[in-house]
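[1] quick one: sequence plus predicted model below, questions after.
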Amino acid sequence: MMTFFQKMHGLGNDFVIMDERTAALPLTPARIAALADRRRGIGCDQFVTLSAPTKPEASVSVRFFNPDGSEAGACGNASRCIASLIGQETAVDTLTFETRGGLLKASVLSRTETGGAVVTVDMGRPATDWQAVPLARETDTLRLPLQGEPAALSMGNPHATFFVEDLAEAERGPALEVDPLFPDRANIGFARIDAPDRMRLRVWERGAGFTLACGSGACAAVVNAARRGLGARRMTVEVDGGEMGIAWEANDHVLMTGPAQLAFKGSVDLEAYPK
Ligand SMILES: N[C@H](CCC[C@H](N)C(=O)O)C(=O)O
């Protein structure tokens, strides 16, 4: 039996989206990893499922899975894509959806005729306490005891941000992702501050590796820069795939604005993939 999917991306951070709102799909971590494989499957940075909301204010519940099958509590670029997709379905431009990291509110600011949109997502509040990140032991999350003294926080998923002059330092990402200080592993951001309102960012993502963009990573980097007095609370973040606008509001919520794009739709026989 064929299963419909939509392939979307936010600044080149790409997603396969499947809909379980009417019926659960036979998905397992192994099958998700096989579907996310760029040679043997459809290929994506994150695999996203939609299901019926459990909270009355939400229009949909969303889960995010990395190509290694692990689950993420947040995915900023995918959240913009989901807002665009559900907004198109329901002809509304503001909506709330449930994620493991909490309820997110989104607004579709504009749409193109070719499946594109510009979306703002309220990514909620950052959690800067060491247990929330989480870290393995009590630690000042403003300066972790690692070479380069990164700052760390959770946006619903764990992030460590290194402030660097040379982005070549991102080669440290793979080893840092699995550092024992991060019991759930971590997304590792490398940020170069180019102006008080502008940074260049590369992210080695937990369970996914380098991506062209990381929305929650951009949120984490702007909040961490402001916490360290290195940047303003409102910054343009330039990533490999383009630019996002991030604002850490006075109410502690982080707003992320950027594009969402439909790449293609398709269908796949899930039984052809290992369970
Ligand atoms: N690409 C996503 C981040 C995925 C995070 C995932 N790698 C994790 O395990 O937390 C974003 O735009 O926020």
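    Here it is on my side, so go on. In this text, all values refer to a predicted model and were calculated from it rather than measured experimentally.

[2] quick one: residues contacting T141.
    128-130, 133, 135, 151-153 (CB atoms under 8 Å, 6 or more residues apart in numbering). (Each C-beta comes from the backbone N, C-alpha and C, glycine too.)

[3] now swap in G156 and tell me
    Contacts of G156 by CB under 8 Å, 6+ apart are 73-74, 99-102, 123-124, 216.

[4] quick check: the farthest pair among those?
    Across these, no pair lies farther apart than R100 and M123, at 13.2 Å, counting by CB to CB.

[5] please see if stretch 159-169 touches the ligand.
    No - against the ligand, stretch 159-169 shows no contacts by CB under 6 Å from any ligand atom, the least distance being 7.8 Å.

[6] if we can go back for a sec, among the contacts of G156, the buried ones, what's the PyMOL command?
    A single PyMOL command suffices to select whichever of these are buried according to 16 or more other CB atoms under 10 Å:
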select buried, resi 73+74+99+101+123+124+216
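
[7] by pLDDT, rank the contacts of G156 and give me the bottom one.
    On pLDDT alone, G101 ranks lowest of those, at 88.

[8] name the nearest residue to it, sequence neighbours excluded.
    G156 (2.0 Å; CB to CB, 6 or more residues apart in numbering).

[9] just the pLDDT for T90.
    pLDDT at T90 comes out at 89.

[10] buried set for the longest strand along the chain?
    Longest strand in the chain, counting residues (DSSP state E): strand 254-269. Buried positions in strand 254-269, judged by neighbour count with 16+ other CB under 10 Å: 254-262, 268.

[11] who does the host helix or strand of A160 pair up with?
    Assessed by DSSP states H and E, A160 sits inside strand 158-163. Each strand paired with strand 158-163, and its direction, by DSSP bridges: strand 151-154 (antiparallel), strand 187-195 (parallel).

[12] out of these, which one sits most buried?
    Neighbour counts (mean count of other CB atoms under 10 Å) averaged over each of these peak at strand 151-154, with a mean of 26.

[13] what residues are up against L25?
    Shown in contact with L25 (CB under 8 Å, 6+ apart): 3, 18, 49, 270.

[14] if we go to 10 Å?
    L25 is in contact with 3, 5, 18-19, 31, 49, 51, 270, counting by CB atoms under 10 Å, 6 or more residues apart in numbering.

[15] which non-adjacent residue is nearest the spatially most central residue of the chain?
    The centre of the chain sits closest to C75, judged by CA atoms, centre = their mean, with a distance of 2.4 Å. Spatial nearest neighbour of C75, excluding adjacent residues (CB to CB, 6+ apart): F64 at 4.0 Å.

[16] residues in contact with that neighbour?
    Taking CB under 10 Å, 6+ apart, we find F64 in contact with 15, 45-49, 70-76, 78-79, 82, 99-101, 156-157, 216.

[17] quick one on the thing from earlier: quickly list what's touching both of R100 and M123.
    Joint contacts of R100 and M123 (CB under 10 Å, 6+ apart) are 74, 156.

[18] name the residues of the stretch 151-275 of the chain found near the ligand, please.
    By CB under 6 Å from any ligand atom, the residues of the stretch 151-275 of the chain that approach the ligand are 157, 187, 205-208, 211, 214-217.

[19] and the longest strand of the chain, C-alpha only, in PDB?
    Output of strand 254-269 as PDB, limited to C-alpha atoms (Å, rounded to 0.1, in the frame of the first residue of the first chain):
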ATOM      1  CA  VAL A 254      12.100  33.500  20.900                       C
ATOM      2  CA  LEU A 255      10.600  34.400  17.500                       C
ATOM      3  CA  MET A 256      12.100  32.900  14.400                       C
ATOM      4  CA  THR A 257      11.200  34.200  10.900                       C
ATOM      5  CA  GLY A 258      12.200  32.600   7.600                       C
ATOM      6  CA  PRO A 259      11.100  30.700   4.500                       C
ATOM      7  CA  ALA A 260       9.400  27.400   4.000                       C
ATOM      8  CA  GLN A 261       9.200  25.700   0.700                       C
ATOM      9  CA  LEU A 262       7.400  22.700  -0.800                       C
ATOM     10  CA  ALA A 263       9.900  20.700  -2.900                       C
ATOM     11  CA  PHE A 264       7.700  17.800  -4.100                       C
ATOM     12  CA  LYS A 265       5.000  15.400  -3.100                       C
ATOM     13  CA  GLY A 266       5.200  11.600  -3.600                       C
ATOM     14  CA  SER A 267       4.200   8.200  -2.300                       C
ATOM     15  CA  VAL A 268       6.200   5.300  -1.000                       C
ATOM     16  CA  ASP A 269       5.500   1.600  -0.100                       C
END
